[in-house]
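dropping the sequence and predicted coords here.
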Amino acid sequence: MESLVDPNNDRIVFTSTAVEDRFELYLAHGVTAVDEVPSVIQRISEEIVVGVSNLAWAEPNVLQFWRDGYDCTQEMNLNNLIYKPVVSAETPYPDSASNGGGA
């Protein structure tokens, strides 16, 4: 599992295999640390084949990540609107995959 606190808002993005057999992307609302209980957990990935990893906030409300062989960005505004990910580059495996943090 990988998690990342949003430095500008009370939320955390994280990956988990709790529902599927691959890492899916989720957003926990109303938290500022991983040990807090969120008010809502929202699944924000769809149709993942391999997994999601390498989470990074590119700017407020824009998340960068690796997904199924592609580097992507995805906008997430504070009204719980989640936009489709935008592919920025093809990347077979993220750098962290060899360090145990990949899909």
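Looks like it arrived, so ask away.

going by C-alpha atoms from here, please, whenever you check contacts or count neighbours.
Fine.

and Met1, how many neighbours?
Met1: 16 surrounding residues under other C-alpha atoms under 10 Å.

contacts only, for it.
14-17, 23, 101 (C-alpha atoms under 8 Å, 6 or more residues apart in numbering).

if we use 6 Å, what do you get?
15-16 (C-alpha atoms under 6 Å, 6 or more residues apart in numbering).

pLDDT at it, what is it?
Looking at Met1, its pLDDT stands at 88.

how about the one 4 residues further on?
As summarised for this prediction, Val5 has a pLDDT of 95.

which SS state does the closest residue to it other than its chain neighbours fall under?
Once flanking residues are discounted, Val5 sits nearest to Ile12: 4.4 Å by C-alpha to C-alpha, 6 or more residues apart in numbering. Applying DSSP: H, G, I helix; E, B strand; the rest coil to Ile12 yields a three-state assignment of strand.

Ile12 contacts Leu25, doesn't it?
No: under the criterion of C-alpha atoms under 6 Å, Ile12 makes no contact with Leu25, lying 10.7 Å away.

chain neighbours aside, what residue packs nearest to the residue nearest the centre of the chain?
The residue lying closest to the centre of the chain (C-alpha atoms, centre = their mean) is Leu25, at 4.4 Å. What sits nearest to Leu25 in space, not counting adjacent residues and going by C-alpha to C-alpha, 6+ apart, is Thr15, at 4.7 Å.
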